[in-house]
Every structure is written in C-alpha cells, then in structure tokens.
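> I'll drop the sequence and a predicted model, then ask my questions.
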Amino acid sequence: METPEQIRDRLLARFPGAEISVVANPAPAAQHSLLLGHAPAVEIARFLRDDPTLKLDQCSNVTGIDWPEKEIVETTKSTVPDPAGGPPKVVETKIKRIQPGYLEVVYHLYSIALGHGPVILRLRTGNRTDAVTVPSLTPVWRACEFQEREVFDLFGVVLTGHPDLRRILMWDAFKDFPMRRDYVAPDDYEWEPTPHGDVLEKAKRHYPVPPAAAPVAPAAQEAPKA
C-alpha cells in the first residue's frame, strides 16, 4: 500500500489547493495520518473509496479527541562571542506561547477488496467553543453514522451533512460533553437509583438536612421503697 506521503501527493495533484498534511505518529506502530481541510474533505473521501489502487471501502472506527489549550515552550540556541576573548558561547532562549485548543475527528479506513490499511484521516475544528464544525463522512461510508453521532454527543463536534445528527448515548436535555477533558461530572447523580460508595458521599450533599431531634428528658428516678 502507498505511504501517507504518497497518498498526500496524489491527493494534492487531484485536488489542487486542498489543505492536506501528514501528521506523524511517534509511537512504535508509526501509524501516520492525513489531516484534511474542510472544503474538499467529502470529495477526497470519495476519491479514497473509489480509487482503484486504494479502494478504501470500509471505515472501521470514528474517534473524537479533545485537545485543550496548552502552553508551548520553544527553545532556540544562538552563538554569541565571549567578551573575554574565549570561545563563543551557546545561549538558549525559551519562548512561551499558547496553543489554542481544538477538537478532532479521526477515521480509520481499510480496503476489504484489496486487504490493506489502515489509512487514517483527521478533521480538525477551529476551536473548542464556537467553531466546532467539520464535514460528515457518513455520505461516503455509512458505517460512520452512529460513531459520528457519538462524537457529536460526547465531544460536541457538529458534523455537517450527517443524515441524523442527534444524541445517541446521553438524553436530549443533557448539558455539556462528557468526553471533554475539562468536563466536570455533577455530584448529585440524579440518574443513579441506588447511589453507593463515592457516588453516595457526593449525593449526600444534596439530601435535605433532617430537623434536629428534640432533646430527650432523662427518666425520673423512682423513690426508694420502704
């Protein structure tokens, strides 16, 4: 099978101007992926499915990833002369910058017809707040339908073009997205019919406080009998 770099080059030749880059995976498996821009993503997906040398006819897995905002420290080295006339000195300069957060949808593609894969695609949102839209690939691979709904439900990614985008695990009135890294679980656990353990301890904070019991007068002592 072609490498991600070879697939990227063929896609750029087929879709001039498209945003396509290889995201390296440093893990031992080295399953590198292709990051796609939004505009041609559906057309690129169809090409990958129908191209005779790839025939990526099966999407086995759709995953959401939350990348919160984080601080990046970049180190640069420069050489400066020694005022005392000695050898030049190497000076390190550290620059801090904030990398904005975003969400990703990751697709693992295989070819059942040719017996190869995976080819991994990534779609990335603009941020984690008001630019959380990416194109749905369900029109290309029907197996994406329920898994994209999970990404919508648990991460809050809006997949345009999905035929039935609604919650699939949480109820409609549920607030927030449980798989985001900054999600704070409620401590009342209304849905827990028999809270126990740590859940019970958290739930007790919302139990009504029982009224204080009235003090019980001590029993009168009987007079000694003659």
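Structure received. Numbering: from 1, shown residues only.
> make it CA atoms for all contacts and neighbour counts henceforth
OK.
> just checking, what packs against the host helix or strand of Gly64?
Secondary structure here is read from DSSP states H and E; on that basis Gly64 sits in strand 58-67. On a contact count with 3 or more CA pairs under 8 Å, 6 or more residues apart in numbering; DSSP states H and E, strand 58-67 meets strand 102-111, helix 144-155.
> what angle do that strand and helix 144-155 make?
With axes from the mean of the first three to the mean of the last three CA atoms, to 10 degrees as the criterion, the two stretches strand 58-67 and helix 144-155 enclose an angle of 10 degrees.
> residues in contact with strand 58-67?
The contact list for strand 58-67 (CA atoms under 8 Å, 6 or more residues apart in numbering) reads 101-112, 141, 143-144, 147-148, 151, 155, 179-181.
> so where do the helices sit in this protein?
4-14, 41-50, 144-155, 197-203 (DSSP state H).
> name the residues of the strand holding Gly64 that are buried.
Gln58, Cys59, Val62, Thr63, Gly64, Ile65, Asp66, Trp67 (16 or more other CA atoms under 10 Å).
> residue ranges in the protein under the pLDDT threshold?
Within the chain, the stretches with pLDDT under 70 are 188-193, 212-226.
> center of it, which residue is that?
Ile65 (1.6 Å; CA atoms, centre = their mean).
> rewinding a little: dump the buried residues of strand 58-67 into TSV; add distance to Arg8 as well.
TSV is the format used below for the buried residues of strand 58-67 (distance: CA to CA, whole Å):
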residue	distance to Arg8
Gln58	19
Cys59	19
Val62	20
Thr63	21
Gly64	22
Ile65	22
Asp66	25
Trp67	24
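> which residue ranges form the strands in this protein?
20-23, 33-36, 58-67, 70-80, 89-99, 102-111, 116-124, 133-135, 158-160 (DSSP state E).
> out of those strands, which comes closest to His196?
Between His196 and these, the shortest gap by CA to CA is with strand 58-67, which sits at 30.4 Å.
> mind listing the strands the closest one pairs with, and their directions?
Based on DSSP bridges, the pairing partners of strand 58-67 within the sheet are strand 102-111 (antiparallel).
> re the thing from before, next, format the helices and strands packed on strand 58-67 as CSV and append distance to His162 and mean neighbour count.
Compiled in CSV, the helices and strands packed on strand 58-67 are given as follows (distance: least, CA to CA, whole Å; neighbours: other CA atoms under 10 Å):
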stretch, distance to His162, mean neighbour count
strand 102-111, 14, 22
helix 144-155, 7, 22
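> quick one: closest of those to Lys175.
Shortest separation from Lys175 across those is recorded for helix 144-155, at 10.1 Å, computed as CA to CA.
> what packs against that closest one?
The contact analysis (3+ CA pairs under 8 Å, 6+ apart) places helix 144-155 against strand 58-67, strand 158-160.
> run the last query once more with 10 Å
strand 58-67, strand 102-111, strand 158-160 (3 or more CA pairs under 10 Å, 6 or more residues apart in numbering; DSSP states H and E).
> with distance to Pro4 as extra columns, can I get those strands in TSV?
As requested, the helices and strands packed on helix 144-155 are arranged in TSV below (distance: least, CA to CA, whole Å):
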stretch	distance to Pro4
strand 58-67	17
strand 102-111	12
strand 158-160	25
